[in-house]
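[1] coords below, sequence missing:
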């Protein structure tokens, strides 16, 4: 109850929801008292009593629902009341963590940029070292390997010999390597790529599908996160999945985990801004993060993956999955803006390229979120706009607020 009280008293609602809505005139005091009574009954069932503190919380909750509801029907709907209260508390709680999240993301972003620079410099130094130490250029452009000679008897280094043998195996045997990797999953292929430098350059390009949990991905170092997608030039399927139980049972106490999950997803999406994945068809972040009031992670995903300026880098993206991340109507607005701002083509070649990229998206999965009536209407407009351009898109919405109301 302390988390509920803190969220409702400290969380600041968006100013645009405080304005008087047109449907407010149709709701009298009797209707508002009825909704307040339902809220009190829910709180009594949860906490076993109704005292002054719970009564205050109920009044704050009713005012918040009254300010944010899209219509009188949504405001008075008893079937979605419990889920709407839960979503309100979750989002206000995450909104109270915005400052800490931004601070952690700034640190992570600075480390990612530094790791990218260091990684590039190290690769350049390695290339220069190999070029100067292992090669000797003769006049006329002929390149020959310089062999070190010594009067002493050389001792065989078994570790280096094994590494040289591995390099020889991967050198010129691309068809064989590809055939062997068809029997390996992504994890085994990446383990094999660590055997030598040549393998590390070849094998990631053979990985086409990656399914990873948030726990596994969080183990990666900052350096690996910075260059994660740049290694997989032929990636077709990527899915980052968290704990599905997290969506059903929100953990208010573990704020560090909540912040780290959001920071990890924001950094992951930010790293996509610097790479091109021409074969990517599926991208998923399921139960991976928790949105606050303004759905900032969803806004970032829409800007990076769906915006016209970036669509050329992901021309085959057909499915985008964002299940169980606490996305609300605001998140739908971000996705709608990105999906419907494409130009209609024309004589401009760049516009034509961007417009052709829009036809690739065929499925948007938004199941198990907090999308209400306003979001549903916006998604209906999205489907109509796609149909007007001769395109078809499937939007999955089960487990959201309006879907619960329809089922009940």
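    That came in fine, so what should we check first? Values in this document were obtained by computation on a predicted structure and should not be read as measured data. Numbering: from 1, shown residues only.

[2] Report the residue ranges of every domain in this protein.
    Following automatic domain parsing, one gets these domains for the chain: 2-6+21-76, 98-116+164-407.

[3] Next, residue 326: secondary structure please.
    coil (DSSP: H, G, I helix; E, B strand; the rest coil).

[4] what's near enough to touch it?
    The contact partners of residue 326, by CB atoms under 8 Å, 6 or more residues apart in numbering, come to 87, 90, 91, 94, 247, 289, 290, 291, 369, 370. (C-beta placed from N, C-alpha, C; glycine too.)

[5] The nearest residue to it once chain neighbours are set aside: which element?
    Residue nearest to residue 326 in three dimensions, not counting chain neighbours: residue 291, with 4.2 Å by CB to CB, 6 or more residues apart in numbering. Of the helices and strands defined by DSSP states H and E, none includes residue 291.

[6] And for residue 240?
    Using DSSP H and E, residue 240 falls in strand 237-241.

[7] Each with direction, which strands does that strand pair with?
    The pairing partners recorded for strand 237-241 under DSSP bridges are strand 209-213 (parallel), strand 282-286 (parallel).

[8] Residue 209 reaches residue 234, doesn't it?
    No - the criterion here is CB atoms under 8 Å, and residue 209 misses it with residue 234 at 10.1 Å.

[9] residues in contact with the host helix or strand of residue 260?
    According to DSSP H and E, residue 260 maps onto helix 255-271. Residues from elsewhere that reach helix 255-271, judged by CB under 8 Å, 6+ apart: 94, 97, 100-101, 104-105, 108-109, 112, 214, 217-218, 225-226, 228-229, 240, 242, 251, 285, 288-290, 296-297, 300-301, 304-305.

[10] any chance you could map the helices in the stretch 301-408 of the chain?
    329-340, 349-358, 373-388, 401-407 (DSSP state H, counting those that start in this stretch).

[11] any idea which of the ones you listed scores lowest on pLDDT?
    Mean pLDDT is lowest for helix 349-358 out of the helices of the stretch 301-408 of the chain, coming in at a mean of 45.

[12] Kindly supply the ChimeraX command isolating those of the contacts of helix 255-271 that are buried.
    If you want just the buried ones from the contacts of helix 255-271 in ChimeraX, going by 16 or more other CB atoms under 10 Å, the selection is:
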select :94,97,101,104,105,108,109,112,214,217,225,226,228,229,240,242,285,288,289,290,296,297,300,301,304,305
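
[13] Which of the contacts of helix 255-271 fall in strands?
    Mapping the contacts of helix 255-271 onto strands (DSSP state E) picks out 240, 285.

[14] follow-up on the earlier one: using pLDDT, spot the least trustworthy of the contacts of residue 326.
    Within these, pLDDT is lowest for residue 247, at 65.

[15] What segments of the stretch 151-300 of the chain are helices?
    Taking DSSP H, counting those that start in this stretch to define them, one finds helices in the stretch 151-300 of the chain at 158-170, 174-181, 186-193, 197-202, 214-218, 222-226, 245-248, 255-271, 296-301.

[16] hey, least reliable of those helices by pLDDT?
    Note on the helices of the stretch 151-300 of the chain: lowest mean pLDDT is at helix 158-170, with a mean of 48.

[17] Any idea how many residues pack against residue 60?
    As a burial measure, residue 60 scores 18 neighbours (other CB atoms under 10 Å).

[18] How much space separates it from residue 99?
    With distances taken as CB to CB, to the nearest Å, residue 60 is found 22 Å from residue 99.

[19] So, low pLDDT: which residues of the stretch 1-150 of the chain?
    1-20, 112, 114-150 (pLDDT under 70).

[20] at 50 instead, please
    Along the stretch 1-150 of the chain, the parts satisfying pLDDT under 50 run over 9-19, 126, 129-150.

[21] And the helices in it, which stretches?
    Using DSSP H, counting those that start in this stretch, helices in the stretch 1-150 of the chain cover 2-10, 15-18, 29-47, 52-68, 72-76, 81-95, 98-134.
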